[in-house]
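Trainee: how does the following fold in three dimensions:
(one chain, ligands or ions: 3)
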Amino acid sequence: MHQTRERERMEVKARAPGKIILAGEHAVVHRSTAVAASIGLYTYVSLHFPTDSDNDDTLKLQLKDVALEFSWPVGRIKEALPELGSCLASSPTSCSPETIKSIAALVEEQNIPEAKIGLAAGVSTFLWLYTSIQGYKPAMVVVTSELPLGSGLGSSAAFCVSLSAALLALSDSVNLDYSHQGWLTFEESELELVNKWAFEGEKIIHGKPSGIDNTVSTYGDMIKFRSGNLTLIKSNMTLKMLITNTKVGRNTKALVASVSERTVRHPNTMAAVFSAVDSISKELATIIQSPGYNDLAITEKEERLEELMEMNQGLLQCMGVSHASIETVLRTTLKYKLASKLTGAGGGGCVLTLLPTLLSGTIVDKVIADLESCGFQCLIAGIGGKGLEICFGGSS
Ligand SMILES: Nc1ncnc2c1ncn2[C@@H]1O[C@H](COP(=O)(O)OP(=O)(O)O)[C@@H](O)[C@H]1O
Ligand SMILES: C[C@@](O)(CCOP(=O)(O)O)CC(=O)O
Ligand SMILES: [Mg+2]
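Mentor: Ligands and ions are numbered 1, 2, ... in the order given. Prediction:
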């Protein structure tokens with residue numbers, strides 16, 4: 001009882017990282033192996049409940065990056081979603097098609113500008129996760145992100161993971177030390193619960209997610225992932241990747257669906273493509289984990305990785321998810337003998353380029369200048385860092 005009162009006065013902030021997929025995107029949806037690493041760019045979700053004296057009966061959502069604010073009277077949510085609100089936070093369930101429709105009506109009432117309509121899926125996911133975990137309770141939720149949205153760096157998963165974590169942190173389903181100062185990590189069983197809810201959220205945004213993005217965002221580091229199972233990868237080499245954002249917008253759900261449609265049309269051929277990707281991911285994981293004793297061995301490992309990235313890119317092209325802007329990045333980096341592949345869903349979005357250890361800084365600067373002269377945006381992010389963390393603040 002005391003804990004419940006304490007919780008009501010808390011503010012919680014959760015942060016979850018984005019990711020890069022080193023090999024295996026799309027094929028991982030069709031049960032092939034993929035390798036992903038978290039990156040040092042985060043989405044932050046803060047949550048607090050109004051006090052009785054605030055006399056506020058609305059659920060508010062602020063999406064700072066896109067300058068949008070939403071507000072629903074909790075009575076309206078209860079009326080539209082009477083089947084939710086029983087707060088079974090400890091047992092994640094899927095959102096039924098009927099509930100999706102009712103949620104869509106609540107989102108439509110908010111009149112999202114046409115140019116930002118891609119956000120509707122994120123707002124629907126928010127309403128689903130919020131009501132399932134916290135019920136019909138007034139609150140203020142604020143979201144900010146260092147990740148570009150809809151660019152292949154897993155902003156949707158970072159959103160689902162940080163949101164699920166903040167909601168669970170102030171629920172009965174987890175037992176946390178609210179007096180802890182600074183960032184705190186969840187226990188294994190709590191991470192598992194967050195990851196399951198985040199996966200249910202990703203289903204609303206991706207349609208048919210593999211679960212790799214929410215898993216790497218939850219646990220951090222580098223992982224090998226296949227059919228819902230993860231293996232932690234202990235990297236034995238320093239991997240430096242240049243990330244180029246083509247800034248061509250695209251939508252993961254549509255791209256995942258287009259690969260599935262191609263698979264229905266050419267089942268045997270696509271099975272061979274997915275199987276080749278599976279081998280690429282496994283080989284890539286083996287190389288990253290194998291010891292590299294000296295510069296020669298490291299250069300050899302990097303050359304193998306480059307070849308695998310090129311082969312993976314070719315197979316992604318076979319799946320129909322490359323794009324003219326991605327091809328421009330590939331051509332540009334090839335001028336400097338550097339290998340690249342798209343990362344995430346493709347169709348625009350981000351491209352990875354391996355920067356070998358012995359590559360001079362001058363060349364890196366030249367490639368970046370060349371890519372940026374095409375209108376692209378380059379960044380070098382830390383790979384394989386922390387996963388989900390939370391932090392308490394507020395009036396206690
Ligand atoms: N910070 C955020 N605020 C609001 N919605 C978000 C945020 N991050 C992600 N989303 C949702 O996720 C969608 C992008 O997901 P997706 O197409 O899978 O691309 P990616 O995961 O590569 O960024 C956005 O259109 C939006 O609906
Ligand atoms: C294409 C896919 O493999 C990764 C999608 O990543 P992103 O949403 O583009 O960051 C889909 C998935 O695994 O759920
Ligand atoms: Mg996504």
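
Trainee: and the contacts of stretch 293-304?
Mentor: Residues from elsewhere that reach stretch 293-304, judged by C-beta atoms under 8 Å, 6 or more residues apart in numbering: 237, 283, 287, 290, 292, 354, 356-358. All C-beta spots, glycine's among them, are computed from the backbone N, C-alpha and C.

Trainee: do that again at 6 Å, thanks
Mentor: 287, 292, 356-357 (C-beta atoms under 6 Å, 6 or more residues apart in numbering).

Trainee: can you redo the residues you listed as TSV, where the extra columns are distance to Glu302, neighbour count and pLDDT?
Mentor: Converted to TSV, these look like this (distance: C-beta to C-beta, whole Å; neighbours: other C-beta atoms under 10 Å; pLDDT from 0 to 100):
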residue	distance to Glu302	neighbour count	pLDDT
Ile287	9	17	95
Gly292	9	18	72
Pro356	5	17	96
Thr357	7	14	93
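
Trainee: adding secondary structure and distance to Asn214, write the residues you listed out as a markdown table.
Mentor: Listed next are those as a markdown table, based on DSSP: H, G, I helix; E, B strand; the rest coil; distance: C-beta to C-beta, whole Å:
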| residue | secondary structure | distance to Asn214 |
| --- | --- | --- |
| Ile287 | helix | 26 |
| Gly292 | coil | 31 |
| Pro356 | coil | 31 |
| Thr357 | coil | 31 |
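
Trainee: from those, pick the one nearest ligand 3.
Mentor: Lowest distance from ligand 3 to these (C-beta to the ion) belongs to Ile287, with 26.6 Å.

Trainee: so how many other residues sit close to the residue in the stretch 201-350 of the chain positioned nearest to ligand 3?
Mentor: Per C-beta to the ion, Thr252 is where the stretch 201-350 of the chain lies closest to ligand 3, at 4.5 Å. Neighbour count of Thr252, defined by other C-beta atoms under 10 Å: 27.

Trainee: same deal with the one 4 residues further on?
Mentor: Number of residues near Val256 (other C-beta under 10 Å) recorded here: 20.

Trainee: same question, Ser91
Mentor: 10.

Trainee: and it, that's in a helix?
Mentor: No. According to DSSP: H, G, I helix; E, B strand; the rest coil, Ser91 belongs to no helix; its state is coil.

Trainee: could you measure from it over to Ser132?
Mentor: Here Ser91 is placed at a distance of 10 Å from Ser132 (C-beta to C-beta, to the nearest Å).

Trainee: helix or strand: which one has Ala16?
Mentor: Using DSSP states H and E, Ala16 sits within strand 10-23.

Trainee: quick check, the helix or strand following that strand touching ligand 1?
Mentor: Per DSSP H and E, the first helix or strand lying C-terminal to strand 10-23 is strand 34-48. Yes. Using C-beta under 6 Å from any ligand atom, strand 34-48 reaches ligand 1 at Thr43.

Trainee: what does stretch 17-25 give?
Mentor: No. Stretch 17-25 is not in contact with ligand 1 by C-beta under 6 Å from any ligand atom; minimum separation 7.5 Å.

Trainee: now for the closest residue to ligand 3 within the stretch 151-300 of the chain: which residues touch it?
Mentor: Residue nearest to ligand 3 within the stretch 151-300 of the chain: Ser156 (3.3 Å; C-beta to the ion). By C-beta under 6 Å, 6+ apart, the contact set of Ser156 is Ile205.

Trainee: let me know the distance separating it from ligand 2.
Mentor: Separation of Ser156 from ligand 2 (C-beta to the nearest ligand atom, to the nearest Å): 5 Å.

Trainee: on that earlier part again, any chance of JSON lines for the contacts of stretch 293-304, columns distance to ligand 1?
Mentor: Shown next, in JSON lines, are the contacts of stretch 293-304 (distance: C-beta to the nearest ligand atom, whole Å):
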{"residue": "Ile287", "distance to ligand 1": "26"}
{"residue": "Gly292", "distance to ligand 1": "31"}
{"residue": "Pro356", "distance to ligand 1": "26"}
{"residue": "Thr357", "distance to ligand 1": "28"}
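
Trainee: between those, which is nearest ligand 2?
Mentor: Ile287 (21.0 Å; C-beta to the nearest ligand atom).

Trainee: for this protein, what lies in contact range of ligand 1?
Mentor: Residues of the chain lying near ligand 1 (C-beta under 6 Å from any ligand atom): 43, 63, 65, 118-119, 121-122, 143, 145, 149-156, 159, 205-206, 251-252, 344.

Trainee: which members of the residues you listed are classed as buried?
Mentor: 43, 63, 118-119, 121-122, 143, 145, 149-156, 159, 205-206, 251-252, 344 (16 or more other C-beta atoms under 10 Å).

Trainee: for ligand 1, what's the nearest residue on the protein?
Mentor: Using C-beta to the nearest ligand atom, the closest approach of the chain to ligand 1 is made by Gly122 at 2.8 Å.

Trainee: in the stretch 251-396 of the chain, which spans are helices?
Mentor: Secondary structure of the stretch 251-396 of the chain (DSSP state H, counting those that start in this stretch): helices at 252-265, 267-289, 295-318, 324-334, 361-373.

Trainee: what comes up buried for the shortest one?
Mentor: Neighbour-count burial for helix 324-334 flags 325-326, 328-330, 332-333 (criterion: 16+ other C-beta under 10 Å).

Trainee: does that helix come close to ligand 2?
Mentor: No. Judged by C-beta under 6 Å from any ligand atom, helix 324-334 stays clear of ligand 2, getting no closer than 12.6 Å.

Trainee: who's in contact with that helix?
Mentor: Residues contacting helix 324-334 (C-beta under 6 Å, 6+ apart): 244, 246, 248, 340, 342, 348, 351, 353, 370-371, 374.

Trainee: now the two most distant members of the residues you listed.
Mentor: Across the contacts of helix 324-334, no pair lies farther apart than Gly348 and Asp370, at 19.0 Å, counting by C-beta to C-beta.

Trainee: those two: which is more packed in?
Mentor: Per other C-beta under 10 Å, whichever of Gly348 and Asp370 has more neighbours is Gly348, with 25 against 16.
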